[in-house]
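Participant: Sequence and predicted structure, then a few things I'm wondering about:
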Amino acid sequence: MKRRQFLGATASIASTLMIVPRHVLGGAGYVAPSDKLNIAGIGVGGQGGSDLRNMQSENMVALCDVDWNRAAGTFQLFPEAARYKDFRIMLEKENNIEAVVVATPDHVHAAASMMAVKMGKHVYCEKPLTYSITEARTLTEAAREAGVATQMGIQGHAMDSIRLLCEWIWDGAIGDVEEVHAWTPHPVWPQGIDRPTNTPPVPATLDWDLWLGPAPYRPYHPCYLPQLWRGWWDFGSGGLGDMGCHIFDHIVWSLKLGPPISVEASHSWFVPNEMTWDKPKNEETYPRASMVTYRFPAREGFPPLKLTWYDGGLMPARPEELEGGRKMGDTYGGALYMGSKGKILCGSHGANGLRLIPESKMAAYTQPPEMLPRSIGHAEEWIAACKGGQPAGANFDYAGPMTETVLLGNIAIRTGEKLDWDSENMKITNVPEANAYLHRPYREGWSL
């Protein structure tokens, strides 16, 4: 081979090597570090730790929790991540954060998520999206304006079963749906109780002031945490806020629901320290059980809808079509769709356990063709959206309005009044004093 031919052949080989894809060089399944999302977790001791485990394909660069003892397992799982107790300090100091997972108690969701959004970071926030309706509206609008990728933690939204339900309803499997009953056995924590009077010491590993966040100050007590905060008006959103976003998800999607026009509620009595014949008003905890009725207007292709919610062990009547020995829903609740041509029964998350009833009708039903694309996975949707892909299915434009609907039911529980709702102007029109519950003042040092 002549020298000129040798040099030409060498250059050709070199140019070929230069364009070999890096995933080939790194082996099967290789993801370059630059392709990974830099994620920070806020509230990583409970559900937040579970969320981050589902995102281990990415870089966990910082972790924040007000109780490092409870967060120890997540810290051990991601030992290289920086550790903080105050998310505000973390977000200001860690310049490499691209996306944030928020899994604090409900009352801190909005403050943490909004700070991240204003800094241009993508946000995954657990359900309910916020503590108050005003927070939900404000956060949704801010995320849309910032152009960040968002997702609310309703994992069932990615299931195949919720898509099947939508396709059955849209196929006319049970005709026009004018009524739905939805329920959960929650609360599985104390409600209908008064505030404790003793003041035990704060655990050494817990920053109680940071845990309170924007909520009004009160002394520490173990009856508030972990998890028990869900039953207290100042911190959580009761059985409806806890499970409503999961169960309302398939109702909202399949029936293309917008905001309700009214809501009313009844509930069990609060049990004070001394029984009286008067029904006392409880400003501390949610009732032990409640029933909430929403009314929605007609939508294109859908008639008006009455949606009734039950919690605390209350249930709708068992449908005659349901065979003996078959359960209503699952461990976490369920829903019963009442159509002009039949009924559909399903469980809680993602309409799992989905069936036409009776079983003979299910067996005779011909499945319609797929109308909705199947999901790549709940966490995976958000990660892909953060990297420039399609918006996640439960993004804030979807989850924010649904959260408003759920939280409106809690205002009806709290007031005991039928409330007429003007969603466009975010106003209760017939009971003006109820508008005070759309939001509450934040404690000094906290803001949206």
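Facilitator: Structure's in. What do you need?

Participant: Can you list the buried residues in stretch 164-183?
Facilitator: With burial defined by 16 or more other CB atoms under 10 Å, the residues of stretch 164-183 counted as buried are 164-170, 173-174, 177, 179-183. For glycine as for every other residue, the C-beta is placed from the backbone atoms N, C-alpha and C.

Participant: what's the neighbour count on the residue lying closest to Ser290 once chain neighbours are set aside?
Facilitator: Excluding its sequence neighbours, the residue lying closest to Ser290 (CB to CB, 6 or more residues apart in numbering) is His267, at 3.8 Å. Around His267 there are 23 other residues, counting by other CB atoms under 10 Å.

Participant: Ramachandran angles for His267?
Facilitator: Main-chain torsions, His267, degrees, to the nearest 10: phi -160, psi 170.

Participant: residue boundaries of the helices in the stretch 301-448 of the chain?
Facilitator: 359-364, 378-386, 396-415 (DSSP state H, counting those that start in this stretch).

Participant: Give me whichever of those helices is most buried.
Facilitator: Highest mean neighbour count of the helices of the stretch 301-448 of the chain: helix 396-415, a mean of 24 (counted as mean count of other CB atoms under 10 Å).

Participant: who does that one touch, helix- and strand-wise?
Facilitator: Packing contacts for helix 396-415, counted by 3 or more CB pairs under 8 Å, 6 or more residues apart in numbering; DSSP states H and E, involve helix 133-146, strand 150-153, helix 238-254, strand 262-267, strand 290-296, strand 419-422.

Participant: closest one to Trp309 among the ones you listed?
Facilitator: Shortest distance between Trp309 and those, using CB to CB, is found for strand 290-296: 4.3 Å.

Participant: Check the gap between the residue lying closest to Lys418 once chain neighbours are set aside and Thr140 for me.
Facilitator: Closest residue to Lys418 apart from its sequence neighbours, by CB to CB, 6+ apart: Glu264 at 3.8 Å. As judged by CB to CB, to the nearest Å, Glu264 and Thr140 stand 25 Å apart.

Participant: number of nearby residues for Val117?
Facilitator: Neighbour number of Val117 under other CB under 10 Å is 26.

Participant: could you give the angle of the helix or strand where it lies to helix 238-254?
Facilitator: Per DSSP states H and E: Val117 is located in helix 106-118. Counting by axes from the mean of the first three to the mean of the last three CA atoms, to 10 degrees, helix 106-118 lies at 50 degrees to helix 238-254.

Participant: in helix 106-118, what counts as buried?
Facilitator: Result for helix 106-118 [16+ other CB under 10 Å]: buried residues 106-117.

Participant: and it, what does it pack onto?
Facilitator: helix 87-93, strand 99-102, strand 122-126, helix 133-146.

Participant: closest to Asp242 out of these?
Facilitator: Per CB to CB, nearest to Asp242 of the helices and strands packed on helix 106-118: strand 122-126, 10.5 Å.

Participant: Note down every partner strand of the closest one and its orientation.
Facilitator: strand 99-102 (parallel), strand 150-153 (parallel) (DSSP bridges).

Participant: Need the ones you listed in JSON lines (columns: mean pLDDT and distance to Leu438).
Facilitator: Converted to JSON lines, those look like this (pLDDT from 0 to 100; distance: least, CB to CB, whole Å):
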{"stretch": "strand 99-102", "mean pLDDT": "98", "distance to Leu438": "21"}
{"stretch": "strand 150-153", "mean pLDDT": "98", "distance to Leu438": "20"}
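
Participant: would CSV of the ones you listed with mean neighbour count and distance to Asp422 be doable?
Facilitator: As requested, those are exported to CSV (neighbours: other CB atoms under 10 Å; distance: least, CB to CB, whole Å):
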stretch, mean neighbour count, distance to Asp422
strand 99-102, 28, 29
strand 150-153, 28, 24
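
Participant: Please name whichever of these is nearest to Asp35.
Facilitator: Across the strands paired with strand 122-126, closest to Asp35 is strand 99-102 (CB to CB), at 13.7 Å.

Participant: List of residues touching the closest one?
Facilitator: Residues outside strand 99-102 that contact it (CB atoms under 8 Å, 6 or more residues apart in numbering) are 37-43, 48, 51-52, 55, 91, 108-109, 112-113, 116, 121-126, 149, 386.

Participant: same thing but 7 Å
Facilitator: Contact partners of strand 99-102, identified using CB atoms under 7 Å, 6 or more residues apart in numbering, comprise 37, 39-43, 48, 51-52, 109, 112-113, 116, 121-126, 386.

Participant: ditto for stretch 54-62
Facilitator: 31, 36-41, 52, 78, 81-82, 84, 90, 94, 96-97, 379, 383.

Participant: Buried members of those residues into PyMOL, please.
Facilitator: Those of the contacts of stretch 54-62 that count as buried under 16+ other CB under 10 Å are selected in PyMOL with:
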select buried, resi 36+37+38+39+40+41+52+78+81+82+84+90+94+97+379+383
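
Participant: Sitting in helices, which of the contacts of stretch 54-62 do you find?
Facilitator: Cross-referencing the contacts of stretch 54-62 against helices under DSSP state H gives 52, 90, 379, 383.

Participant: As CSV, the residues you listed with pLDDT and distance to Pro196 would be great.
Facilitator: Below are those laid out as CSV (pLDDT from 0 to 100; distance: CB to CB, whole Å):
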residue, pLDDT, distance to Pro196
Leu52, 98, 33
Met90, 98, 32
Ala379, 98, 38
Ile383, 98, 42
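
Participant: quick revisit: go through the helices and strands packed on helix 396-415 and pick out the most buried.
Facilitator: Comparing the helices and strands packed on helix 396-415 by mean neighbour count (mean count of other CB under 10 Å), strand 150-153 ranks first with a mean of 28.

Participant: And the next helix or strand past that strand?
Facilitator: Going down the chain from strand 150-153, the next helix or strand is helix 160-170, by DSSP H and E.
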